[in-house]
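In: Next comes the sequence, and after it the predicted model I'd like to discuss.
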Amino acid sequence: MSDRDETKAEPLPPHETTASPVEVSVAMPRYFGVAPPTLPFGFATATVAVAILMAVLRHWIAAIVLAGIALVEVALFVGVAGRKPDTAVARTSVRTMRRARERAAWLVESANVRTETSRRITTMRGELLRLGEEHERHLRSLGLAVYEGDDESADRLGGAAQP
C-alpha cells in the first residue's frame, strides 16, 4: 500500500479569513425599459393633488379629467408593481389589490349563488301553491260527493287522494 491510498486527517480551514463582519449583498433585477413602480405612483399622487386643487377652485371638468387620469396612473402603478414589487409601498399595494380582487370575486360568486337560490325557491313556491290548490279542489270534490251521498264518486275521489 502506498501513501496515496491512505486516508489522512486534515485540519479544518478557518470559517472566516478575517475578523470583519460579513457583508451580504442581494442582486436586484433590472428591467430595462420598465419604469420603477414608484414613478407612476408619484405621478398618480401629484395628479390627485392637482385634481383636488381644481375641484376646490371649482374647475369641475378639469378636476374630473384629472381624476380619470389619476385612475389610469394607479392602474399602471398596480400593473408595474405586480411584476416588480421592489419597495414597501409597491408590495403593500399589490397585496391590497389582490385582496380586493379576491373579495370582489367572492362577492360576485355570493351574489350569483343567492340569485340562483332565490330563483329556485320562487319556482318551488309556485309549485307548492299549485299543489295546494289542486289538493283543495280534490278535498272540495270529495266533500261534495260525501255530502250528496254519492258513494261511488266518494270512493273514487277518496282513492285518488290516497297515495
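Out: Looks like it came in fine.

In: what separates the residue most central in space within the chain from Val108, distance-wise?
Out: The chain has Glu102 as the residue nearest its centroid, 2.0 Å off, counting by C-alpha atoms, centre = their mean. To Val108, Glu102 is 11 Å away according to C-beta to C-beta, to the nearest Å. (Each C-beta comes from the backbone N, C-alpha and C, glycine too.)

In: Which parts of the chain are helices?
Out: Per DSSP state H, the chain carries helices over the ranges 38-56, 60-83, 88-148, 151-161.

In: Next, Ser149: phi, psi?
Out: No, residue 149 isn't Ser; it's Gly. As for Gly149, its main-chain torsions (degrees, to the nearest 10) stand at phi 80, psi 20.

In: How about Pro36: what's its closest non-neighbour residue?
Out: Nearest residue to Pro36, sequence neighbours excluded (C-beta to C-beta, 6 or more residues apart in numbering): Asp86, at 6.7 Å.

In: Does that neighbour touch Leu39 like I think?
Out: No. In this structure, Asp86 is not within contact of Leu39 by C-beta atoms under 8 Å, at 11.6 Å.

In: What about Ala90, how many residues nearby?
Out: 21 (other C-beta atoms under 10 Å).

In: Low-confidence ranges, the protein, go.
Out: The chain contains residues with pLDDT under 70 at 1-3, 14, 16-20, 22, 28-35, 160-163.

In: sorry, back to before: which among the helices of the chain is found nearest to Leu12?
Out: Nearest to Leu12 among the helices of the chain is helix 88-148; the distance by C-beta to C-beta comes to 41.3 Å.

In: elements contacting that closest one?
Out: helix 38-56, helix 60-83, helix 151-161 (3 or more C-beta pairs under 8 Å, 6 or more residues apart in numbering; DSSP states H and E).
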